[in-house]
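J.: Build me a model:
(chains A, B and C)
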Amino acid sequence: MFEMMVGAILTQNTSWRNVEKAIDSLKRGGVLTPGGMRQLKTSALASMIRPSGYYRIKADRLMAFVDFLWENYEGKVKKMGKEPVNELRERLLKVKGIGPETADSILLYGVRKPVFVVDAYTKRIFSRHGIISEKASYDHIQRLFSDHLPHDEKLFNEYHALIVQVGKALCKKTPKCGICPLKGIEQSAKRIV
DNA sequence: GACCAGGCACATC
DNA sequence: GATGTGCATGGT
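T.: A predicted model of the protein is given here:
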């Protein structure tokens, strides 16, 4: 689903609320498709996604991704989804502006592959519980989940959604403030490790 | 008005 | 290989 892939890039270090405004503007402009977006000038795209912040950089990144889609898959998300996950992930990571989290979001939410997405919330929650180190690498954290959970797209999708939900409610300033709503997930977190 | 948000590339040491 | 910095808007 192209919209989710665009969202994955726009949400880089940005709240989803602001991303929605940008997505709406793309929808209204009728350019929320690989073909429509490719027709745009980068500057025009940039002004449409302004509310999502870092708009000049993100316009470049979106264009790089759309070019990638056209150069390799005739602009078809479906065709991209047919490629084996590991190969696709490697290729996505080579696109400028797509790092591990964005690549994995595209794989999970865009083409429904069972890939676990690690984000700031995941790190914050699980490191605060002493389950991972604060400076654990992306790959390390991902492997932790990947090795202990069944590879099920729906499960990963839901699990990530729950992490985001808890993460948002989580106190950001004082790691040990004691009022964070985390007690409930502690058991489930430990169970998978 | 300060601080933060579901990253990433690039420069520098 | 680790660490620092720029990118920018909108909500609290």
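J.: And for the closest residue to DNA strand B within chain A, the neighbour number?
T.: Per C-beta to the nearest atom of the strand, A:Gly99 is where chain A lies closest to DNA strand B, at 2.3 Å. (Each C-beta comes from the backbone N, C-alpha and C, glycine too.) For A:Gly99, the neighbour count with other C-beta atoms under 10 Å is 12.
J.: residue nearest the centroid of chain A?
T.: Here the mean C-alpha position of chain A is nearest to the C-alpha of A:Ser105 (C-alpha atoms, centre = their mean), at a distance of 3.5 Å.
J.: what's the closest non-adjacent residue to it?
T.: Among residues not flanking A:Ser105 along the chain, A:Ala8 sits closest, at 3.8 Å (C-beta to C-beta, 6 or more residues apart in numbering).
J.: before we move on, what about A:Ser25?
T.: A:Met48 (4.8 Å).
J.: so what's the one you found up against?
T.: A:22, A:25-26, A:29, A:31, A:40 (C-beta atoms under 8 Å, 6 or more residues apart in numbering).
J.: re earlier: tell me the pLDDT of the residue nearest to the centre of chain A.
T.: On pLDDT, A:Ser105 comes in at 98.
J.: Flag the shaky bits of chain A, pLDDT-wise.
T.: Within chain A, the ranges that satisfy pLDDT under 70 run A:171-193.
J.: Close to DNA strand B: what parts of it are there?
T.: A:8, A:11-16, A:18, A:53-54, A:57, A:95-103, A:105, A:109, A:117, A:119-121, A:160, A:164, A:167-168, A:172-173 (C-beta under 7 Å from any atom of the strand).
J.: Would you mind confirming that the residue of chain A closest to DNA strand B is in contact with A:Ser105?
T.: No - using C-beta atoms under 8 Å as the test, A:Gly99 is too far from A:Ser105 to be in contact (10.2 Å).
J.: show me where chain A has strands.
T.: Using DSSP state E, no strands are assigned anywhere in chain A.
J.: Can you give me the domain assignment for it?
T.: A:2-110, A:120-192 (automatic domain parsing).
J.: deepest of these, which one?
T.: The highest average neighbour count among these, using mean count of other C-beta atoms under 10 Å, belongs to domain A:2-110 at a mean of 17.
J.: gap between that one and the chain center?
T.: 11 Å (C-alpha atoms, centre = their mean, to the nearest Å).
J.: So it, near DNA strand C or not?
T.: Yes - contact between domain A:2-110 and DNA strand C, assessed by C-beta under 7 Å from any atom of the strand, occurs at A:13-15, A:17-18, A:21, A:50-51, A:53-58.
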